[in-house]
Structure formats: structure tokens, C-alpha cells
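1. I'll drop the sequence and a predicted model, then ask my questions.
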Amino acid sequence: MNIIDLHCDVLLKLWEAKGSLRFADSPMLQANKARLYKGKIKVQCFAIFIEPNIPADLMFQAALGQINYFYKEVLGKNPGMVHIKEWSDFDRLKIGQIGAMLTLEGVEAIGNDLTKLETLYRLGVRSVGLTWNFANLAADGAEEPRGAGITRFGREIVLLNNQYQILTDVSHLSEKAFWNVMELAQYPIASHSNARELCDNLRNLTDQQARAMFQNGGLIHVVYHSPFVKQAERADISDLVKHIDHFCSLGGVKQIGLGSDFDGTSQLVLNLEDASKSQNLINELLKYYSEEEVKGFASQNFLDHRPGVGR
Ligand SMILES: [Zn+2]
């Protein structure tokens, strides 16, 4: 069963390796092309993520560097990889092709300059999360002790996302910023977060947040990073399925998806260690849910709630 995966950090690894990793088959990449094919990933989202230790004036350059690897290494050397630039591009993918979409994880790279954000849109970014874990000019992240909401600048970004039909990703936001975004965002999504009720971590969503997301027509994509699935010990696939069950109990059966976090963590759920194993999750889900429901989680819910299609 085909999968749309809303989050991986392949670009960060390619950029850090300075050209020494091949996207096609490097064993260092959990989501290399060979593994995407084996795991039946039909569309992979590629996050641009700038490490907090990069000097601020070099961050935009770093973002462009990662985008350059996306164009040259991911797309340029692999004809089967097709750039998803518009929401309707999902419908044009042919058998044997894998769609690739750019996302932005934290707006540090644009400084205070919305022109840079519009430039990133034009290069293909279709989802923007305001923060990673800490504070920036737009908002506070989930692990910023201050716990503030979004700034005037953050508000401008969300409104610009709306105008361009770009997803606004809440996955790393502080709770206060989450609620600010939910009031403004036309296209909210949590690209890689689980249920806090089952695993008490600041990166996971409370029931109240999840309900609000579903009521607003948004999506929650569950993440395979083990510490967000189960506290204390390594999670297995049945633990991850519990998060999907829980979100279903909150009304999300048609708004749940997948956001692996491959190449963003080494602590993955057992038997989901790389993209080639993705069908293990599908097979487990098929034990408890109808084929139509599982197809929803795997890809259809996202397709149905894309900007310009479902909302
Ligand atoms: Zn992340």
C-alpha cells in the first residue's frame, strides 16, 4: 500500500556530508531511494532543517545548500524522483515514480525577511513550521522554557502561508503558539507528532490540541521516533498503533497520516528502522482497521485534506 510520508531529514544528512552520500542507495540514509521504493513510499517530504548552532547570518545560505542537494542529488541523479511543486502534482505521479516535496522545519533561515520565505516557496517549499524546539523571531518552540506564543512576525508568516496555500506545521510549537496558529492557519498540520495522553513529551499533542486540529480540518501525522511513542523503553509497532487508535477515538480517523522522521533520529520504533520497513506498519494496521481506513492513514487522508482540494 502506497504511503505519503510527511517528514524526513535526508537533506540535513546530505548537506552535512558535503556530497559524500548517495541518495540512491547510501546505507547511511534511512530514507534513501532504494528503501523508499521497497517501503512503497509514493511521496516523501524532505525537511529543510538548520541546526541551531549555525551562525544566524549563514542560515539562509545553509537552507539554499540543502535545497541544492534536493535538486542535484535527490532529483537530478534519480529520474524516478519527481518534484511535487503544486498540490495537483500528487495526482500526476505515474507508476514507478516517487514524489518529493520540500518542507521547512523552523523559519530561522529567513531572518526577518518575508522575501526569503517567498523565495523558498518558489523553490518548492509547501509546508512551513514556524519553529524547531526553541524560540525564534516567529514563535516559541516546544522546549523553550518561556512558553510564549507567536510574534507579530509569526502571524505574518501564517497569513502568507494561507495566501500561498502553504501548510502551517505545528509539530514543534509551544502550546501557546499552537493555539495562536490554530486561530490563524487555514491549512494546519502536525507533520510528526504523537499523542501526549499516551506518551508525555512536550513534542506530542494533548487531546484538546488533537480535537482542535481535527475540528479545523487539519491533519496529524504520527512519528516513529521511539521516545515520542513510549516512555522509558523502546517502542514497537503495536505501541505506535495505539497512538493512531487514540487519535481515532478523538475523531481523527479521516485526518491521521504518517510522518516517520527518518534520518532525524536513530531511536526508531522496532521493525520500523528505515523506510524499507514501512509496510510492517501497514500490515499491523490492517489487522485492526479496514483497508479503506488504512489507505486513509497511509495516503488518502492527506490527499483529501490537501490545500486547494479538501480545504
Ligand atoms: Zn522535527
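-> Happy to help now that I have it.
2. use CA for all of it now, contacts and neighbours both
-> Fine.
3. gap between Ser266 and Asp9?
-> Ser266 sits at a distance of 12 Å from Asp9 (criterion: CA to CA, to the nearest Å).
4. of those two, who's got more company?
-> Regarding Ser266 and Asp9, a neighbour count based on other CA atoms under 10 Å identifies Asp9 as having more, with 22 against 13.
5. so what pLDDT did the more buried one get?
-> What the model reports for Asp9 is a pLDDT of 98.
6. Run through the residues that contact it.
-> With contact taken as CA atoms under 8 Å, 6 or more residues apart in numbering, Asp9 is in contact with 46-49, 261-264.
7. Let's see that with 7 Å instead.
-> In this structure, Asp9 makes contact with 46-47, 261-264, judged by CA atoms under 7 Å, 6 or more residues apart in numbering.
8. I would like a PyMOL command selecting only the buried ones among the residues you listed, please.
-> To isolate in PyMOL the members of these that are buried, counting by 16 or more other CA atoms under 10 Å, one can use:
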select buried, resi 46+47+261+262+263+264
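9. closest to Ala31 among the contacts of Asp9?
-> Distance to Ala31, by CA to CA, is smallest for Phe262 among the contacts of Asp9, at 6.1 Å.
10. re earlier: secondary structure and distance to Ala232 for the contacts of Asp9 - can I get that in JSON lines?
-> Output for the contacts of Asp9, formatted as JSON lines (DSSP: H, G, I helix; E, B strand; the rest coil; distance: CA to CA, whole Å):
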{"residue": "Phe46", "secondary structure": "strand", "distance to Ala232": "29"}
{"residue": "Ala47", "secondary structure": "strand", "distance to Ala232": "28"}
{"residue": "Asp261", "secondary structure": "coil", "distance to Ala232": "20"}
{"residue": "Phe262", "secondary structure": "strand", "distance to Ala232": "21"}
{"residue": "Asp263", "secondary structure": "coil", "distance to Ala232": "22"}
{"residue": "Gly264", "secondary structure": "coil", "distance to Ala232": "20"}
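11. all strands for this structure, in order.
-> Counting by DSSP state E, the segments of the chain that form strands are 3-5, 41-48, 81-83, 98-105, 125-129, 167-169, 188-190, 219-222, 256-258.
12. Could you single out the most deeply buried of those strands?
-> Ranked by average neighbour count under the criterion mean count of other CA atoms under 10 Å, the strands of the chain are headed by strand 188-190 at a mean of 30.
13. still on that earlier bit, the contacts of Asp9 into CSV, with extra columns for distance to Ser174 and pLDDT?
-> Shown next, in CSV, are those (distance: CA to CA, whole Å; pLDDT from 0 to 100):
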residue, distance to Ser174, pLDDT
Phe46, 23, 99
Ala47, 20, 98
Asp261, 19, 98
Phe262, 23, 98
Asp263, 23, 98
Gly264, 20, 97
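14. just curious, which of the contacts of Asp9 is nearest to Asp89?
-> Looking at those and their distance to Asp89, the nearest is Phe46, at 15.9 Å (CA to CA).
15. Surely that closest one and Leu12 touch.
-> No - Phe46 is beyond contact range of Leu12, at 9.2 Å (criterion: CA atoms under 7 Å).
16. What about Asp304, how many residues nearby?
-> The burial metric for Asp304, expressed as a neighbour count using other CA under 10 Å, is 15.
17. From start to finish, how long is stretch 143-156 in a straight line?
-> With CA to CA applied, stretch 143-156 spans 23 Å between its terminal residues.
18. Give the buried residues for it.
-> By neighbour count, with 16+ other CA under 10 Å as the criterion, the buried positions of stretch 143-156 are 143-144, 147-151, 154-155.
19. need these in a markdown table with distance to Asp207 and pLDDT, can you?
-> Putting the buried residues of stretch 143-156 into a markdown table (distance: CA to CA, whole Å; pLDDT from 0 to 100) gives the following:
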| residue | distance to Asp207 | pLDDT |
| --- | --- | --- |
| Glu143 | 19 | 96 |
| Glu144 | 21 | 97 |
| Gly147 | 19 | 96 |
| Ala148 | 20 | 98 |
| Gly149 | 19 | 98 |
| Ile150 | 21 | 98 |
| Thr151 | 25 | 98 |
| Gly154 | 24 | 98 |
| Arg155 | 24 | 98 |
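20. Restricted to helices, list the residues you listed.
-> Assigned to helices by DSSP state H, the following of those qualify: 154-155.
21. for the buried residues of stretch 143-156, which one is nearest His221?
-> Minimum separation from His221 among the buried residues of stretch 143-156 (CA to CA) is found for Glu143, which lies at 20.0 Å.
22. That closest one and Asn136 touch, don't they?
-> No - under the criterion of CA under 7 Å, Glu143 lies out of contact with Asn136, with a separation of 12.0 Å.
23. Which neighbours do the two have in common?
-> Between them, Glu143 and Asn136 have no joint contacts when contacts are counted by CA under 7 Å, 6+ apart.
24. give me every residue that touches Leu58.
-> So Leu58 contacts nothing (CA under 7 Å, 6+ apart).
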